[in-house]
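Colleague: coords please:
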Amino acid sequence: MGIVLTPATAETLAESGIAGPVSFLQTPFWAEFKASQGWKPFYFILRTDKGSRFPLIALSRTLGRFGSFAYIAMGPPPEALEGSGVSAALEEIAEALRSRLPGDTVFIRFDPPLEGKADLRGASLLRKASGDVQPPDTVIVGLEKTEAQILDGMKPKWRYNVRLGEKKGVGIRMLKGREAADKGMESFWSLYRETAERDGIAIHDRDYYRNLFLASCEGPFPADLRLYLAEHEGEDLAAIVTLFGPWGATYLYGASSNEKRNLMPAYALQWRAMIDAKRAGCPYYDLYGIPPSDDPKHPMHGLYRFKTGFGGAEIHRCGSLDIPVKPIRYALWRRAEGVRAFWFKRVKKLLKKGIARRS
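Modeller: Predicted coordinates:
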């Protein structure tokens, strides 16, 4: 295919002539923040045989006694995979990466922004990962329409709920940077812990989110990260964290109280963030993660209904794909990863929900 990878720095990825990233996950802001959390970023410029140039960021992390692995989230962009096929292109990129990654790298994991299931026919090394890192299924609301048209695209009940909060006196405030880290984090964290207990989800510790906001304003690569809080009569009821950029806007985290849920604060928050994203020039608003289908038996079916009600397009990507570098160690890690995923995503969640129902 003729792909060439050239080592780069975070600064050179902003060079004129290099295509912009398709996701915040391929930005120096995110890579440098993850570096503060134990990952090591590697920056590259990917050049195709057509002369196009794209940024490519790989994050490396240790697997303990297994070695380490490299992770490329939402990359490479689809345009870089045109030609000889996705499998061949990813294998070629992985081969070019091997000599530039730590010597104990066990496998390279891609999360390419490609819709549909990956066609692995003819792939000599590429295989589906035992679990997906980024949510392969999501809802994206286009912001090219007018505000009225975006609202009209929602389901009737969603339009009603969006307006309900305002009628009932729900106020929304937006915080950024150090103000979010210092003045809004305690409220967000309290709501997020309450949400995690209620829904049986895993979350980071408080400092992770605080440091993310500090990185957005004090790090080497500032970012438009926003905390929205919905309050009623002096009480914070719900919160969301969103990230805006030229690629689009992404809803990262959401939290809500068990109190006054009849005021529907989560709907008002999403609507406010969508409008702000439109006015900031973002082409779309990514609600970031839904179950793969409208299955009432799915444990997260409520999330599916909530996000699809905003009228966006459902996107179904191929998910995480692996290329083993050290096959034996990879096979051992894959088995361990499968057991760990089953425990955290199935058994532990069911146990939490069982305890919550009994309490």
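
Colleague: For the rest of this, base every contact and every neighbour count on C-alpha atoms.
Modeller: Will do.

Colleague: And the helices in this protein?
Modeller: In the chain, the segments counted as helices under DSSP state H are 28-35, 86-98, 147-152, 156-167, 177-179, 185-199, 206-218, 265-279, 301-308, 327-342, 348-358.

Colleague: To Thr242, which of these lies closest?
Modeller: helix 265-279 (7.5 Å; Cα to Cα).

Colleague: Could you give me the buried positions within the closest one?
Modeller: For helix 265-279, a neighbour-count test (16 or more other Cα atoms under 10 Å) marks 265-275, 277-278 as buried.

Colleague: Export those residues as TSV, with columns for distance to Glu259 and pLDDT.
Modeller: Formatted as TSV, the buried residues of helix 265-279 follow (distance: Cα to Cα, whole Å; pLDDT from 0 to 100):
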residue	distance to Glu259	pLDDT
Pro265	11	97
Ala266	12	97
Tyr267	15	97
Ala268	16	97
Leu269	16	98
Gln270	19	98
Trp271	21	98
Arg272	21	98
Ala273	22	98
Met274	25	98
Ile275	26	98
Ala277	28	98
Lys278	30	98
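
Colleague: Adding distance to Arg198 as columns, could you present those in TSV?
Modeller: Below are these laid out as TSV (distance: Cα to Cα, whole Å):
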residue	distance to Arg198
Pro265	17
Ala266	16
Tyr267	19
Ala268	21
Leu269	20
Gln270	20
Trp271	24
Arg272	25
Ala273	24
Met274	26
Ile275	29
Ala277	29
Lys278	32
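
Colleague: coming back round to it: okay if I get the helices of the chain as CSV plus distance to Gly17?
Modeller: Formatted as CSV, the helices of the chain follow (distance: least, Cα to Cα, whole Å):
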stretch, distance to Gly17
helix 28-35, 17
helix 86-98, 21
helix 147-152, 33
helix 156-167, 41
helix 177-179, 30
helix 185-199, 38
helix 206-218, 25
helix 265-279, 26
helix 301-308, 36
helix 327-342, 37
helix 348-358, 47
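
Colleague: Out of those, which gets nearest to Ile57?
Modeller: The closest of these to Ile57 is helix 28-35. By Cα to Cα, the value is 7.5 Å.

Colleague: tally of neighbours for Thr195?
Modeller: When neighbours are defined as other Cα atoms under 10 Å, Thr195 has 20 of them.

Colleague: Pretty sure it sits against Ser257.
Modeller: Yes - judged on Cα atoms under 8 Å, Thr195 makes contact with Ser257 at a distance of 7.0 Å.

Colleague: Please name the residues that touch Trp30.
Modeller: Phe24 (Cα atoms under 8 Å, 6 or more residues apart in numbering).

Colleague: any idea how far Gly219 is from it?
Modeller: Separation of Trp30 from Gly219 (Cα to Cα, to the nearest Å): 10 Å.

Colleague: May I have the beta-bridge partners of the closest residue to Ala96 other than its chain neighbours?
Modeller: In space, and not counting its chain neighbours, Ala96 is closest to Leu5: 6.6 Å by Cα to Cα, 6 or more residues apart in numbering. With DSSP bridges as the criterion, Leu5 is bridged to Leu46.

Colleague: Just give me the neighbour total for Pro299.
Modeller: 14.

Colleague: And it, how far from Pro291?
Modeller: On the measure of Cα to Cα, Pro299 and Pro291 end up 9 Å apart.

Colleague: How about Pro102?
Modeller: Counting by Cα to Cα, the gap from Pro102 to Pro291 is 35 Å.

Colleague: one step back: what about the residue nearest to Ala96, how many residues nearby?
Modeller: 20.

Colleague: Kindly report the same for Arg317.
Modeller: 20.

Colleague: which residues touch it?
Modeller: Pro113, Leu114, Glu115, Gly116, Lys117, Pro136, Asp137.

Colleague: 10 Å instead?
Modeller: 111-118, 134-138, 292 (Cα atoms under 10 Å, 6 or more residues apart in numbering).

Colleague: cool, and Thr62?
Modeller: Thr62 neighbours (Cα under 10 Å, 6+ apart): Gly38, Trp39, Lys40, Ser68, Phe69, Ala70, Pro102, Asp104, Thr105, Val106.

Colleague: Which ones among those residues lie within strands?
Modeller: Counting by DSSP state E, those place Lys40, Ser68, Phe69, Ala70, Thr105, Val106 in strands.

Colleague: closest to Ala10 among those residues?
Modeller: Among the ones in strands among the contacts of Thr62, and counting by Cα to Cα, the member closest to Ala10 is Lys40, at 12.4 Å.

Colleague: Now the closest one: closest residue in space, sequence neighbours ignored.
Modeller: Distances taken as Cα to Cα, 6+ apart put Ser60 closest to Lys40, at 5.0 Å, once the chain neighbours are dropped.

Colleague: And Ala118, by the same measure?
Modeller: Leaving aside its sequence neighbours, Ala118 sits nearest to Cys318 (Cα to Cα, 6+ apart; 5.3 Å).

Colleague: if we can go back for a sec, list just the nearest of the contacts of Arg317 to Lys326.
Modeller: Taking Cα to Cα as the measure, Lys326 lies nearest Asp111 of the contacts of Arg317, at 19.6 Å.

Colleague: Wait, the closest one touches Pro136, no?
Modeller: Yes - counting by Cα atoms under 10 Å, Asp111 does reach Pro136; the two are 8.6 Å apart.

Colleague: so what sits against both of those two?
Modeller: Arg317, Cys318, Gly319, Ser320.

Colleague: give the contact list for the spatially closest residue to the third one that is not a sequence neighbour.
Modeller: Distances taken as Cα to Cα, 6+ apart put Pro136 closest to Gly319, at 4.9 Å, once the chain neighbours are dropped. Taking Cα under 10 Å, 6+ apart as the criterion, Pro136 is in contact with 111-117, 288-292, 315-320.
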